[in-house]
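Engineer: Structure here, sequence nowhere to be found:
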């Protein structure tokens, strides 16, 4: 989601991390329930709070291995 601004398509996320659409839907539901993301359109989401995006960007700068592919 950090690569997209302001929102991300679920299919794009699935392709980037090499996971199935079902896996992404499960993660989406959990993140929505936790209040971390918000839906913006059909199959699109964004970080609910700008500070969460900023924190994730900072963590990635500190440890690029966080986005390493399995």
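Structural biologist: Happy to help now that I have it. Keep in mind that what you see is a predicted model, and the values were worked out from it rather than measured.
Engineer: When you work out contacts or count neighbours from here on, use the C-alpha atoms and nothing else.
Structural biologist: Fine.
Engineer: Correct me if wrong: residue 6 contacts residue 46.
Structural biologist: Yes. Shown here, residue 6 and residue 46 form a contact pair, counting by C-alpha atoms under 8 Å, at 6.5 Å.
Engineer: The two - which one has more neighbours?
Structural biologist: Neighbour count, other C-alpha atoms under 10 Å: between residue 6 and residue 46, residue 46 has more, with 21 against 11.
Engineer: what's near enough to touch that one?
Structural biologist: When contacts are counted by C-alpha atoms under 8 Å, 6 or more residues apart in numbering, residue 46 is found next to 1, 6-8, 37-40.
Engineer: can you do 6 Å?
Structural biologist: 7, 37-38 (C-alpha atoms under 6 Å, 6 or more residues apart in numbering).
Engineer: Just among those residues, which is most surrounded?
Structural biologist: residue 37 (20 neighbours).
Engineer: how much space between that residue and residue 2?
Structural biologist: Computed with C-alpha to C-alpha, to the nearest Å, the distance linking residue 37 and residue 2 is 12 Å.
Engineer: One more: residue 40?
Structural biologist: Counting by C-alpha to C-alpha, the gap from residue 40 to residue 2 is 16 Å.
Engineer: Over to residue 34?
Structural biologist: Using C-alpha to C-alpha, we find residue 34 at a distance of 18 Å from residue 2.
Engineer: quick one: which of the two has more around it?
Structural biologist: Comparing residue 34 with residue 2 by other C-alpha under 10 Å, the one with more neighbours is residue 2, at 14 against 9.
Engineer: Alright, calling it a day.
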